[in-house]
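K.L.:
Sequence first, predicted model second:
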Amino acid sequence: QVQLVESGGGLVQPGGSLRLSCAASGFTFGNYAMGWVRQAPGKGREWVSGINSGGGSTYYADSVKGRLTISRDGAKNTLYLKMNSLNPEDTAVYYCTKDYGAIATMAQYDYWGQGTQVTVSS
């Protein structure tokens with residue numbers, strides 16, 4: 001069965017950095033686009049970033065463009081999200097998602113992980 005397991009979250013000061021990882025199993029990782037969504041306290045789920053199956057095309061929400069970088073390693077079946085210049089508005093639970101097909105879409109996914117908490121605070 002499809003499993004997505006996120007890791008790498010934690011507490012970081014404003015301006016700091018984190019790298020999230022998502023270990024994928026139960027499907028052919030290289031055939032599917034992947035992405036990240038987040039949910040802040042008291043708010044709905046927000047699409048953050050997506051990457052096509054081959055890794056050649058990436059997409060970002062305007063709120064994170066220039067600060068976050070999505071990437072994938074097919075040999076390790078792992079998705080990453082490098083987060084720089086973090087601010088308190090980035091505080092949320094971050095979820096790894098698997099898209100329905102090879103082309104990344106904005107939050108049209110069929111599986112997601114259990115999430116990892118990112119807290120940005122001084």
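P.N.:
Received it, and whenever you're ready, just let me know what you need.
K.L.:
give me every residue that touches the residue most central in space within the chain.
P.N.:
Among the residues of the chain, the one closest to the centroid is residue 36, at 2.7 Å (Cα atoms, centre = their mean). Applying Cβ atoms under 8 Å, 6 or more residues apart in numbering to residue 36 gives the contacts 20, 22, 48-50, 70, 79, 81, 94-97. Bear in mind the C-beta positions are built from the backbone N, C-alpha and C, glycine included.
K.L.:
Could you list which of those residues belong to strands?
P.N.:
Counted as lying in strands by DSSP state E, out of the contacts of residue 36, are 20, 22, 48-50, 70, 79, 81, 94-97.
K.L.:
now, which of those residues sits nearest residue 41?
P.N.:
Proximity of the ones in strands among the contacts of residue 36 to residue 41 (Cβ to Cβ) peaks at residue 94, which lies at 13.2 Å.
K.L.:
what about residue 58, neighbour count?
P.N.:
Applying other Cβ atoms under 10 Å, we find 16 residues neighbouring residue 58.
K.L.:
ah, wrong one, I meant residue 102
P.N.:
Neighbour count of residue 102, defined by other Cβ under 10 Å: 12.
K.L.:
Relative to residue 23, how far out is the closest residue to it other than its chain neighbours?
P.N.:
The shortest distance from residue 102 to any non-neighbouring residue, by Cβ to Cβ, 6 or more residues apart in numbering, is to residue 53 (3.9 Å). Relative to residue 23, residue 53 is positioned 17 Å away (Cβ to Cβ, to the nearest Å).
K.L.:
so the closest residue to residue 23 other than its chain neighbours is in which element?
P.N.:
Using Cβ to Cβ, 6+ apart and skipping the chain neighbours, the partner closest in space to residue 23 is residue 5 (4.7 Å). Residue 5 is located in strand 3-7, with elements delineated by DSSP states H and E.
K.L.:
mind listing what the very next helix or strand once past that strand pairs with, with the direction of each?
P.N.:
Remark: after strand 3-7, the chain's next helix or strand is strand 10-12, criterion DSSP H and E. Strand 10-12 has its sheet partners listed here by DSSP bridges as strand 116-120 (parallel).
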